[in-house]
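Peer 1: Can you look at this prediction? I've put the sequence above it.
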Amino acid sequence: MEAEPNYSTLVFKNDGRPKEKNEDSTIYSTVKVEKAPANTAPNAETPAHSQHLRQLGVCFGVLCVLLLVSISVIIYLSVEQKTNFEATINNLMAEKQQLITNGSMLQTERDNLTRMLGIIIKFDTFPVKVYCPQKKCQPCPTGWIQFQQKCYLFYDKDPPWKTWQQSQEICQNTAADLVVIDNLQEQEFVSNNTKYYYDKDHGYWLGLNQTAGKKWVWVDGHNDTLGFWIVKTLGNIGPCALMIPATNFTANWNPTYCAMENKFICEIEALIW
């Protein structure tokens, strides 16, 4: 669209020169002034530029959200993986401990079986009825008392009783020996299961005797180190040890002659099934 013309009046003042006749003093001149074209380009570009910025902002926001989601997912997966890893390690440790426990139990069972076999082969003929009356097996023969891993027979029959040597032979006929005291606990147990009979000089034979070298040796071959000897000896002194009942259990061994007839105590390993 064309711009409308603007009219301006120019007035020329007399500059001292003579004026021409028949010529008006006022001259009108028509000047066509075009308006500068409207600056529409910037106005047209502004919405597009703003839209472009908005799109960039939206894209940036979406990228930020995606980045945050990605970081959250990575953290979650890391924590989950760590948790699973720790759970796996704990399970493996528990399985290891269970294997150790099972191995220990198997070792114990093997030791018990080996020990039981060692006891059984002492017999020429294993007395099944003695150890398994009514087809139910037990650690000790019928009539014996178990203490820890040993079985004890406290001979309590009527007289005539037995000499030290006779007592040892009777024990050996049952694959046992006269009792060997290994510690204070066993000494107390044995003492508590003996009882007074006949007179104060009689007691129960132990598997302990004196050698030619004057050493007290147990029937399993080791020297005595406990020495629970009675304070004042009773009767005739000899090379065989007799436990006197109803006395202080820390001092109730009496050295007497081996031909004296007394009750006795046999000992055998218990069968741990």
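Peer 2: Received the coordinates, thanks. Numbers count the residues shown, from 1 in each chain.
Peer 1: Can you report how many residues lie near the nearest residue to residue 218 once chain neighbours are set aside?
Peer 2: Leaving aside its chain neighbours, residue 218 sits nearest to residue 180 (4.7 Å; criterion: CB to CB, 6 or more residues apart in numbering). (Glycine included, C-beta is placed from N, CA and C.) Applying other CB atoms under 10 Å, we find 18 other residues in the vicinity of residue 180.
Peer 1: Okay, now the unreliable bits of the stretch 1-150 of the chain?
Peer 2: Scanning the stretch 1-150 of the chain for pLDDT under 70 picks out 1-46.
Peer 1: how about the strands in it?
Peer 2: Remark: strands assigned in the stretch 1-150 of the chain by DSSP state E, counting those that start in this stretch are 145-147, 150-154.
Peer 1: got JSON lines for those strands, with mean neighbour count too?
Peer 2: JSON lines is the format used below for the strands of the stretch 1-150 of the chain (neighbours: other CB atoms under 10 Å):
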{"stretch": "strand 145-147", "mean neighbour count": "14"}
{"stretch": "strand 150-154", "mean neighbour count": "20"}
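Peer 1: Reformat these as CSV; add distance to residue 269.
Peer 2: Shown next, in CSV, are these (distance: least, CB to CB, whole Å):
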stretch, distance to residue 269
strand 145-147, 11
strand 150-154, 6
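Peer 1: ends of stretch 243-257, how far apart?
Peer 2: Taking CA to CA, to the nearest Å, the first and last residues of stretch 243-257 lie 13 Å apart.
Peer 1: what do you get for stretch 180-196?
Peer 2: Calculated as CA to CA, the first-to-last residue distance of stretch 180-196 is 21 Å.
Peer 1: host element of residue 197?
Peer 2: Using DSSP states H and E, residue 197 sits in no helix or strand.
Peer 1: Now for it: which residues touch it?
Peer 2: 245, 263 (CB atoms under 8 Å, 6 or more residues apart in numbering).
Peer 1: and with 10 Å instead?
Peer 2: Applying CB atoms under 10 Å, 6 or more residues apart in numbering, one finds that residue 197 lies in contact with 156, 159, 161, 203-204, 245-246, 262-263.
Peer 1: mean confidence score for stretch 264-273?
Peer 2: The average pLDDT for stretch 264-273 rounds to 90.
Peer 1: got the CA coordinates for that stretch in CSV?
Peer 2: Only the C-alpha atoms of stretch 264-273 are listed here, as CSV (Å, rounded to 0.1, in the frame of the first residue of the first chain):
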residue,chain,number,x,y,z
PHE,A,264,36.2,-104.7,92.6
ILE,A,265,35.3,-102.3,89.9
CYS,A,266,35.5,-103.0,86.1
GLU,A,267,35.7,-100.3,83.5
ILE,A,268,35.1,-100.4,79.7
GLU,A,269,34.7,-97.9,77.0
ALA,A,270,31.0,-97.0,76.3
LEU,A,271,29.6,-97.7,72.9
ILE,A,272,28.5,-94.4,71.5
TRP,A,273,26.0,-95.3,68.8
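Peer 1: Show me what counts as buried in it.
Peer 2: Going by neighbour count (16 or more other CB atoms under 10 Å), the buried part of stretch 264-273 is 264-271.
Peer 1: Can you list the residue ranges for helices in the stretch 101-250 of the chain?
Peer 2: 128-131, 164-172, 184-192 (DSSP state H, counting those that start in this stretch).
Peer 1: relative orientation of the last one and strand 150-154 in degrees?
Peer 2: Read it as helix 184-192. 20 degrees (axes from the mean of the first three to the mean of the last three CA atoms, to 10 degrees).
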